[in-house]
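>>> model this:
(one chain, ligands or ions: 2)
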Amino acid sequence: MTQQPSAQLANRRRNRLLFVGLTCLDIVYVCRHFPVEDSDQRALDSQWRRGGNASNNCTVFRQLLHWWSSNNRSAAAAAAADTTDYEIEFMGTIGGDHASRFLVDDLLANGILIDNIVRHPDRQCPSSTVIINQSNGSRTIVHFNRNLPDLDGQSMANHITESLDRYLHIHFEGLRNVPNIRQMIAQIRDRDVNHEITVSVELEKVYKPLTELLDNAEDFGKYIDIYFVEKEFAGEILDYTDADQTAVGIASRLHPGALVVCPWGESGAVAYDNRIGQLYRSPVYPPKSGSVVDTLGAGDTFLSGTLFGLLVVGLSVEDAIKMGCQVAGAKCGQWYHKEMSSQGIPKEQGI
Ligand code: ADP
Ligand code: FRU
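Ligands and ions are numbered 1, 2, ... in the order given. Next up, the predicted model:
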C-alpha cells in the first residue's frame, strides 16, 4: 500500500481527535433467530454496551492506535505514525442516571477523554434495544431518548475554542441538532484561520434537515473536508440507489476540496475525491472466521478505520477506504468492539 506523509503529522502539537455526537446505552440481546411478532423466545446472550456512533468511533480509533503501535512493522512506518502521541476525545451530552454513569466509566476505562462533555444530571440516558440475529449477524435497533438534549451551539465555544490548536481532526455525527452542528463548525473555522484542523461529518440518520450540512451557501460547505454518507440517508432522503451514484451525486453539489465516502454494507465502500475528480471503490472483506456474527457498529468501525488510514497512517483515499472495509469486516466476525486489535485487522494488506 502507498504510504503518504500526513501533512498534519508534521505538526505534533496537534495530537487530539475529537468525535462529537451520541453516547447511549445499548441493551443487546443475541437471538438464535429474529423474533416473530407476539412470540416468546429465550435469548442466547444479553449485555449492556456503550453505544452511539461517535462513542463507537472513539472506541475503534483507540483500539486501532493500540493495534498499530503493538504490531511489528517497518521502522519507517512506525516513525511515520507514532501512535503514542494521539489523544481521542468524545464530546456530547450525558445524563445523571445509573446508565449514564456506566457510560462515563466505560469511556474512561477505554482511555477516551471526556473533558468537554456536557452533563445534565436530571436527565435520563438514551438507550437502544438491539436484537442481534445469530444466524446472520444482523442488528435491529429500537432507539429511545426521553429527555436528553443534544449539544447546543454554545458548547463548543465554551469548552474548546480557546484550546483549538491541540486538535488535528474534529468529526461530527449528524444528529437532530443540525443548526447547532453548523454553528459549532463555523466557530471552529472562524478561529482556525489557516484551516489546520480537518472536519468531517456523518450523514446516516434518516432526518431531512441533515441535508443542510451539504449546503454550499455562504461558504458553509467549504468548512467540511470529509463527508461520510450512509446508504439509509442516501436512499431515503436523497433517493440515490447505489454507492457510486451517491458519491458522485453528492460530490457534484460540494466544494472542490470535498471528499465523499460512502460505506455500503455488503457491497464494500466507495469514495469520490473532488480534488482530482476521481472515484475509488473498495470490496467488502469478509471476516477471517468466515462467519458474520455481529454487525452492530459496522458503519462506525468503517468510519474510524478510514479516518485512521487517512490521518494517522497517511494512506491514499483508495487505500484508506480499503482499510475501513477491512477493519469493519473484522469487526463483523466478532462480538462487540472488544479486542479488535487481536482479530486480524488488515495485516495482510501490508500496512
Ligand atoms: P451500518 O452499520 O452503519 O449499517 P454498513 O452496513 O454500510 O454500516 O457497513 C459498514 C461497512 O461494514 C461496510 O462498508 C463494509 O465494509 C462492512 N460490512 C458490513 N456488512 C458486512 C458483512 N456482512 N461482512 C463484511 N463486512 C461488512
Ligand atoms: C450503532 C449505534 C448504536 C446505537 C445506535 C444509535 O451504529 O451507534 O450503538 O444504539 O447506533 O442510533
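>>> which stretches of the stretch 101-250 of the chain have low pLDDT?
217 (pLDDT under 70).
>>> what do you get if the cut-off is 80, keeping everything else the same?
159, 161-162, 216-219, 221 (pLDDT under 80).
>>> I'd like to know which residues of it are adjacent to ligand 2.
By C-beta under 6 Å from any ligand atom, the residues of the stretch 101-250 of the chain that approach ligand 2 are 128, 141, 143. Glycine gets a C-beta too; all of them are placed from N, C-alpha and C.
>>> I figured residue 95 hits residue 149, correct?
No. Applying C-beta atoms under 8 Å, one finds residue 95 not in contact with residue 149, separated by 10.1 Å.
>>> Can you show me the strands along the stretch 1-150 of the chain?
For the stretch 1-150 of the chain, strands defined by DSSP state E, counting those that start in this stretch occupy the ranges 16-20, 24-31, 45-51, 87-91, 93-94, 118-119, 127-133, 139-144.
>>> residue contacts, the closest residue to ligand 1 within the stretch 151-300 of the chain?
Going by C-beta to the nearest ligand atom, ligand 1 is nearest to residue 299 of the stretch 151-300 of the chain, at 2.2 Å. Counting by C-beta atoms under 8 Å, 6 or more residues apart in numbering, residue 299 makes contact with 53, 204, 230, 263, 328.
>>> Grab the nearest non-local neighbour of the first one.
In this structure, residue 53 finds its nearest non-sequential neighbour in residue 173, 4.6 Å apart by C-beta to C-beta, 6 or more residues apart in numbering.
>>> Over to the third one?
Closest residue in space to residue 230, ignoring its immediate chain neighbours: residue 204 at 4.0 Å, by C-beta to C-beta, 6+ apart.
>>> What segments of the protein are helices?
With DSSP state H, the ranges of helices along the chain come out as 53-70, 75-80, 98-109, 154-159, 178-191, 231-236, 243-253, 298-307, 317-332.
>>> Which one of those helices lies nearest to residue 198?
Among the helices of the chain, helix 298-307 comes nearest to residue 198, with 9.1 Å by C-beta to C-beta.
>>> The residue nearest to residue 230: neighbouring residues, count only.
Other residues within reach of residue 204 by the criterion other C-beta atoms under 10 Å amount to 22.
>>> cool, and residue 117?
Using other C-beta under 10 Å, residue 117 has 19 neighbouring residues.
>>> tell me the contacts of it?
Contacts of residue 117 by C-beta under 8 Å, 6+ apart are 90-94, 104.
>>> Any chance of these in JSON lines with neighbour count and distance to residue 311 as columns?
Converted to JSON lines, those look like this (neighbours: other C-beta atoms under 10 Å; distance: C-beta to C-beta, whole Å):
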{"residue": "90", "neighbour count": "28", "distance to residue 311": "17"}
{"residue": "91", "neighbour count": "25", "distance to residue 311": "18"}
{"residue": "92", "neighbour count": "25", "distance to residue 311": "21"}
{"residue": "93", "neighbour count": "22", "distance to residue 311": "26"}
{"residue": "94", "neighbour count": "24", "distance to residue 311": "26"}
{"residue": "104", "neighbour count": "16", "distance to residue 311": "26"}
